[in-house]
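S.K.: sequence first, predicted model second:
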Amino acid sequence: MLAYRIDRRSGVATYLQIVQQTRQALRMGVLTPGDKLPTAREVVEATAINPNTVLKAYRELEREGLVEARRGLGTFVRATLGSAAPADSPLRAELADWARRARAEGLDREDVAALFTSVLNEHFQGDA
């Protein structure tokens with residue numbers, strides 16, 4: 001089951017972090033159509049956030065057509081965003097290797113994110 005990680009120092013609204021992490025799980029194939037999202041109660045217990053925040057995130061995902069709420073049953077994945085490399089892809093393994101080397105060189109998470117974003121911007125100019 002998907003476990004959300006909330007970074008209170010990120011400057012990104014909590015509900016958007018849930019939306020972004022769900023989208024990422026859809027892209028990576030961690031979530032597929034028919035899968036059930038954690039209940040609001042489960043997310044609240046794991047992250048200590050307000051239940052309305054979880055519900056707001058789930059409503060946003062529903063508005064985008066990615067999930068559907070089924071009364072009394074929960075929230076289920078309707079669509080995927082998947083075209084990313086699966087977890088066992090050689091590309092993912094290479095990227096994981098690179099991240100380990102970057103960490104060993106003393107870069108922190110923000111340094112790595114900035115470097116990676118810079119390279120992405122360089123190679124994907126004009127892409128949304």
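M.R.: Yes, it's here. Residues are numbered from 1 along each chain as shown.

S.K.: nearest residue to the middle of this protein?
M.R.: Gln21 (1.7 Å; C-alpha atoms, centre = their mean).

S.K.: what's the spacing between that one and Glu105?
M.R.: Separation of Gln21 from Glu105 (C-beta to C-beta, to the nearest Å): 27 Å. Bear in mind the C-beta positions are built from the backbone N, C-alpha and C, glycine included.

S.K.: follow-up on the earlier one: the residue nearest to the centre of the chain: which element?
M.R.: Taking DSSP states H and E as the definition, one finds Gln21 inside helix 14-27.

S.K.: list the buried residues for that helix?
M.R.: For helix 14-27, burial by neighbour count (16 or more other C-beta atoms under 10 Å) applies to 14-15, 17-19, 21-22, 25-26.

S.K.: out of these, who's nearest Leu81?
M.R.: For the buried residues of helix 14-27, the residue nearest Leu81 by C-beta to C-beta is Leu26; the value is 4.3 Å.

S.K.: helix/strand/coil for the residue nearest to that closest one when sequence neighbours are not counted?
M.R.: Nearest residue to Leu26, sequence neighbours excluded (C-beta to C-beta, 6 or more residues apart in numbering): Leu81, at 4.3 Å. With DSSP: H, G, I helix; E, B strand; the rest coil as the basis, Leu81 sits in coil.

S.K.: cool, Arg9 as well?
M.R.: coil.

S.K.: what is the neighbour count of it?
M.R.: Number of residues near Arg9 (other C-beta atoms under 10 Å) recorded here: 5.

S.K.: over to Val43?
M.R.: Neighbourhood size, Val43 [other C-beta under 10 Å]: 23.

S.K.: that one sits in which helix or strand?
M.R.: According to DSSP H and E, Val43 maps onto helix 40-47.

S.K.: now do that helix, average pLDDT.
M.R.: Helix 40-47 shows a mean pLDDT of 96.

S.K.: got the angle for the next helix or strand after that helix vs helix 40-47?
M.R.: Going down the chain from helix 40-47, the next helix or strand is helix 51-63, by DSSP H and E. Helix 51-63 runs at 120 degrees relative to helix 40-47, counting by axes from the mean of the first three to the mean of the last three C-alpha atoms, to 10 degrees.
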